[in-house]
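>>> No letters, just coordinates:
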């Protein structure tokens, strides 16, 4: 049975609620209550159910193989007794129930691998750390069959989880709840003091307090802990630089890409208008075909240079051409970004955010990636690790580093002058007469008109 403070969420789902977000403090039993709820609902409506964690590998450690320290039993065995099951597939973390329904663990880092599936219920665990594109991808599936989606998390700065909470709190069709440690009473006052002291001993007084407030008080204040660009993105929001940014047709639209696989190749499209950096679109390809990427980028307004990593010159397997060659063949005007240290790239990225204006709609997924591009804390060394976390946001942040190095080198021509469509003569104040076309353009125009007349 759910704990007393878990009852409102349980009752909402049990009575047919379809959309819920629960922002609960650490150790509040978020996953356990949704696992047990899935076991019950599997015999109320037969279908496929998913429990989605930020990363597929994390799902195995945190749920599939995890043991309840109080009982010594695996979490999935407590939630789904073997008497309810027909089969269990350890490799795929998949359970088939005796009535034909299924339950499976998945990762938001592999959300597009679920194509063709028809879930009727999805739980997104640690939603603040998950790839928000997973929900955008799965939502039409649930909308079609009247399915249920639940989002459980602790805060991780002012990111997509906070935006979803704000939306849900204003939408009567959603269940939205924030429970901090004082709301549930899970820890005694003495345990709270001890926990705060541990955080401060590990992270220092100020950072330790911030971590405690995030984990136990459900504070969304500040950027994601360890975020490389969190402060800069927050400032861009405060300054009103995340808004509608239409493409200025007088200036070229450039792009910068990482040129990995589709899921690892986020692309930023930008313009430099009178020395101002404008981020007009963020694009993440679904196809693995470079030709498709080029077509999609042109559809989004690309017309300038393509900035790519310095190591693009590696020859592709089975081909004598590099991707640089292939971009030349497709008239994408590739330009290699200078090789610098990661630290210099990060600094260039920060400066670019401080100089940029972002289109709030076309760049939404990219902005979330910048907020979540982060590094972990090293408990032994008492400092942040030097390399970024290998999650969904890593390649978005890396691509932005390239943009930071490239945008000032981008061609910055003045507005394109429109050529006159017909030859006209202008009388100057001194009485001289001049044409509005060069001799060559005038001859070309005359010959074009002659051809049209002959036809």
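Noted; the coordinates are in hand. What you are looking at is a predicted structure, and each value in this text was computed from that prediction instead of being measured.
>>> alpha carbons only for contacts and neighbour counts from here, please
Fine.
>>> so where is the stretch 101-250 of the chain shaky, pLDDT-wise?
Counting by pLDDT under 70, the stretch 101-250 of the chain shows low-confidence ranges at 115-116, 222-223.
>>> Helices along that one, start to end?
Remark: helices assigned in the stretch 101-250 of the chain by DSSP state H, counting those that start in this stretch are 133-145, 160-170, 181-184, 189-203, 205-216, 230-238.
>>> Including mean neighbour count and distance to residue 280, could those go into a markdown table?
Below are these laid out as a markdown table (neighbours: other Cα atoms under 10 Å; distance: least, Cα to Cα, whole Å):
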| stretch | mean neighbour count | distance to residue 280 |
| --- | --- | --- |
| helix 133-145 | 15 | 19 |
| helix 160-170 | 16 | 20 |
| helix 181-184 | 16 | 42 |
| helix 189-203 | 15 | 38 |
| helix 205-216 | 18 | 33 |
| helix 230-238 | 18 | 15 |
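>>> and residue 325, which of these is closest to it?
helix 133-145 (31.5 Å; Cα to Cα).
>>> outside of the closest one, which residues touch it?
108, 111, 112, 118, 119, 120, 121, 147, 148, 149, 365 (Cα atoms under 8 Å, 6 or more residues apart in numbering).
>>> Return the residues in contact with the third one.
Taking Cα under 8 Å, 6+ apart as the definition of contact, the neighbours of residue 112 are 134, 137.
>>> what helices or strands is whichever helix or strand residue 58 is part of leaning on?
Using DSSP states H and E, residue 58 falls within helix 56-59. In terms of contacts (3 or more Cα pairs under 8 Å, 6 or more residues apart in numbering; DSSP states H and E), helix 56-59 is packed against strand 102-107.
>>> partners of the strand it packs on in the sheet?
Here strand 102-107 is paired, per DSSP bridges, with strand 48-53 (parallel), strand 94-97 (antiparallel).
>>> Give me the mean pLDDT for the first one.
Read it as strand 48-53. In this model, strand 48-53 has a mean pLDDT of 96.
>>> now that strand and helix 133-145, what's the angle there?
160 degrees (axes from the mean of the first three to the mean of the last three Cα atoms, to 10 degrees).
>>> that older thread, looking at the strands paired with strand 102-107, which one is packed in the most?
strand 48-53 (a mean of 23; mean count of other Cα atoms under 10 Å).
>>> any idea how far residue 190 is from residue 196?
10 Å (Cα to Cα, to the nearest Å).
>>> Once you drop chain neighbours, what's closest to residue 128?
In this structure, residue 128 finds its nearest non-sequential neighbour in residue 161, 4.9 Å apart by Cα to Cα, 6 or more residues apart in numbering.
>>> go on, residue 181?
Closest to residue 181 by Cα to Cα, 6+ apart is residue 216, at 5.4 Å.
>>> can you tell me which residues contact that neighbour?
So residue 216 contacts 25, 26, 180, 181 (Cα under 8 Å, 6+ apart).
>>> rewinding a little: which residues are in contact with the helix or strand just after the helix holding residue 58?
Where DSSP H and E defines the elements, the next helix or strand beyond helix 56-59 is helix 75-79. With contact meaning Cα under 8 Å, 6+ apart, helix 75-79 is reached by 32, 35, 36, 39, 63, 64, 65, 66, 67, 68.
>>> quick check, nearest of those to residue 305?
Using Cα to Cα as the measure, the one of the contacts of helix 75-79 that approaches residue 305 most closely is residue 63, at 45.8 Å.
>>> Give the burial count for the closest residue to the closest one other than its chain neighbours, as a bare number.
Of all residues not flanking residue 63 in the chain, residue 75 sits nearest, at 6.5 Å (Cα to Cα, 6+ apart). Residue 75: 21 surrounding residues under other Cα atoms under 10 Å.
>>> In a markdown table, list the helices of the stretch 101-250 of the chain along with distance to residue 347.
Below are the helices of the stretch 101-250 of the chain laid out as a markdown table (distance: least, Cα to Cα, whole Å):
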| stretch | distance to residue 347 |
| --- | --- |
| helix 133-145 | 27 |
| helix 160-170 | 24 |
| helix 181-184 | 38 |
| helix 189-203 | 24 |
| helix 205-216 | 22 |
| helix 230-238 | 11 |
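>>> Residue 380: which of the ones you listed is closest?
Of those, nearest to residue 380 by Cα to Cα is helix 189-203, at 9.2 Å.
>>> The residue nearest to residue 181 and residue 149, how far apart?
Counting by Cα to Cα, the gap from residue 216 to residue 149 is 24 Å.
>>> doesn't residue 130 make contact with residue 161?
No. Taking contacts as Cα atoms under 8 Å, residue 161 lies outside contact range of residue 130: 9.1 Å.
>>> Tally up the residues packed near residue 447, please.
Using other Cα under 10 Å, residue 447 has 12 other residues around it.
>>> Name the helix or strand for it, please.
With DSSP H and E as criterion, residue 447 is part of helix 439-454.
>>> so the closest residue to residue 56 other than its chain neighbours bridges to which residues?
Excluding its sequence neighbours, the residue lying closest to residue 56 (Cα to Cα, 6+ apart) is residue 107, at 3.9 Å. Per DSSP bridges, residues listed as beta-bridge partners of residue 107: residue 53.
>>> which residues are contacting stretch 356-367?
Outside stretch 356-367, the residues that reach it (Cα under 8 Å, 6+ apart) are 132-133, 233, 236, 241-246, 276-282, 396.
>>> and it, what's its mean pLDDT?
96.
>>> Please apply the same query to stretch 383-403.
Mean pLDDT, computed over stretch 383-403, is 89.
>>> What of stretch 56-67?
On average, stretch 56-67 scores 94.
>>> gap between that stretch and the chain center?
23 Å (Cα atoms, centre = their mean, to the nearest Å).
>>> Renumber starting at 58 from here on
Yep, numbering from 58; the last one is stretch 113-124 now.
>>> which residues make contact with it from outside it?
By Cα under 8 Å, 6+ apart, the list of residues contacting stretch 113-124 reads 109-110, 130-133, 150, 162-167.
>>> Which positions in stretch 459-466 come out as buried?
459, 460, 461, 462, 463, 464 (16 or more other Cα atoms under 10 Å).
>>> next one: stretch 75-94
Quick answer for stretch 75-94 (16+ other Cα under 10 Å): 75-83, 85, 87-94.
>>> and residue 205, how far is that from residue 357?
For residue 205 relative to residue 357 (Cα to Cα), the value is 34 Å.
>>> For those two, work out which one has more neighbours and name it.
Taking other Cα under 10 Å, residue 205 and residue 357 do not tie; residue 205 has more neighbours (20 against 17).
>>> neighbours of residue 231, just the number please.
18.
>>> Need the nearest residue in space to residue 457, chain neighbours excluded.
Per Cα to Cα, 6+ apart, closest to residue 457 is residue 406, 6.1 Å.
>>> Please, which helix or strand holds the one you found?
For residue 406, the enclosing helix or strand under DSSP H and E is helix 399-412.
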